[in-house]
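Colleague: Sequence and predicted structure are below.
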Amino acid sequence: MIEIKNITKTYKTGDIEFNALSNVSFNITDGEFVAIMGPSGSGKSTLMHILGALDSPTSGTYFLDNQDVSALSDDRLADIRRDKIGFVFQSFNLLPRTTVLRNVILPLVYAGIHGIERERRARKALFAVGLDEGHFFHLSNQISGGQIQRVAIARALVNNPSLILADEPTGNLDSKTGEIVIGTLERLNKELNRTIILITHEKEIAEHADRILFIKDGKLVEDRTNHTKRSVAL
């Protein structure tokens with residue numbers, strides 16, 4: 001599903017060049033749950049932006065579903081983000097004075113889906129993350145942090161993306177609520193076979209993934225199968 005080959009990202013400030021990523025290569029197969037770990041400044045956020053088609057590498061190639069994303073125009077990158085990638089952010093990025101259901105419907109509006117079909121898909125996505133109809137018409141600033149993040153996951157699901165990219169999704173949550181959110185991602189991975197890439201600096205969170213990539217100083221320093229995987233009771 002994903003092939004990253006010799007990705008380098010260089011930033012320039014005047015005459016000074018800095019390699020945020022240096023010759024990073026890895027593959028991710030369809031249906032994997034992968035965590036990318038690294039300390040602040042390691043390059044994991046830069047890698048996340050490239051995986052999410054939010055930025056392009058300076059050199060190297062990135063294939064998503066057999067398409068070379070690394071060479072696309074800004075307009076085509078926008079299409080990839082809309083059609084193939086669901087984003088879950090640490091800061092949630094929901095509209096606070098808008099209902100839960102409407103927050104999930106909005107990506108479908110931008111995708112040109114109409115009327116009853118929009119609401120049907122949004123409801124299905126909300127049910128998939130364990131929220132019932134009692135939550136649908138609450139404003140997003142009237143529900144708990146864990147529920148807000150599950151709404152954000154539903155929004156990421158609603159366009160049926162091939163990849164869910166979760167950037168520090170538990171970073172603003174307490175440990176108990178974080179476990180609920182990670183359990184939601186696990187269920188989507190197991191039951192719906194969604195490919196999930198989780199960006200985190202927390203070892204306890206990364207250990208829920210099937211595989212962990214470690215980034216340090218812009219380089220992939222370890223790629224290991226997680227034989228001691230933790231799991232939330234689903």
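Modeller: Ah, there it is. Numbers count the residues shown, from 1 in each chain.

Colleague: CA atoms for contacts and neighbours, from now on please.
Modeller: OK.

Colleague: From the contact counts, what lies against the lowest-mean-pLDDT helix or strand in the chain?
Modeller: None of the helices or strands of the chain scores lower by mean pLDDT, DSSP states H and E than helix 175-191, at a mean of 86. Counting contacts by 3 or more CA pairs under 8 Å, 6 or more residues apart in numbering; DSSP states H and E, helix 175-191 packs against helix 145-157, strand 195-200.

Colleague: What separation is there between Y110 and T184?
Modeller: 26 Å (CA to CA, to the nearest Å).

Colleague: More neighbours: these two, which one.
Modeller: T184 (19 against 10; other CA atoms under 10 Å).

Colleague: Now tabulate the helices and strands packed on helix 175-191 in JSON lines and tack on mean pLDDT and distance to I80.
Modeller: Formatted as JSON lines, these follow (pLDDT from 0 to 100; distance: least, CA to CA, whole Å):
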{"stretch": "helix 145-157", "mean pLDDT": "89", "distance to I80": "13"}
{"stretch": "strand 195-200", "mean pLDDT": "94", "distance to I80": "15"}
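
Colleague: Quick one: these as JSON lines, columns for distance to E168 too.
Modeller: Formatted as JSON lines, these follow (distance: least, CA to CA, whole Å):
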{"stretch": "helix 145-157", "distance to E168": "11"}
{"stretch": "strand 195-200", "distance to E168": "5"}
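
Colleague: and S59, which of those is closest to it?
Modeller: Nearest to S59 among the helices and strands packed on helix 175-191 is strand 195-200; the distance by CA to CA comes to 22.0 Å.

Colleague: Would you state the strands of the protein in chain order?
Modeller: In the chain, the strands defined using DSSP state E lie at 2-13, 16-28, 33-37, 59-64, 67-68, 85-89, 163-167, 195-200, 211-216, 219-225.

Colleague: mind listing what the closest residue to I28 other than its chain neighbours touches?
Modeller: Distances taken as CA to CA, 6 or more residues apart in numbering place I2 nearest to I28, at 5.0 Å, with adjacent residues excluded. When contacts are counted by CA atoms under 8 Å, 6 or more residues apart in numbering, I2 touches N27, I28, T29, D30, Y62, F63, L64, D65, N66.

Colleague: Could you give the bridge partners of I2?
Modeller: I28, L64 (DSSP bridges).

Colleague: Run through the residues that contact the residue nearest to the spatial centre of the chain.
Modeller: What sits nearest the mean C-alpha location of the chain, by CA atoms, centre = their mean, is L165, with 1.3 Å. Neighbouring residues of L165 by CA under 8 Å, 6+ apart: M48, G52, I85, G86, F87, V88, I196, I197, L198, I199.
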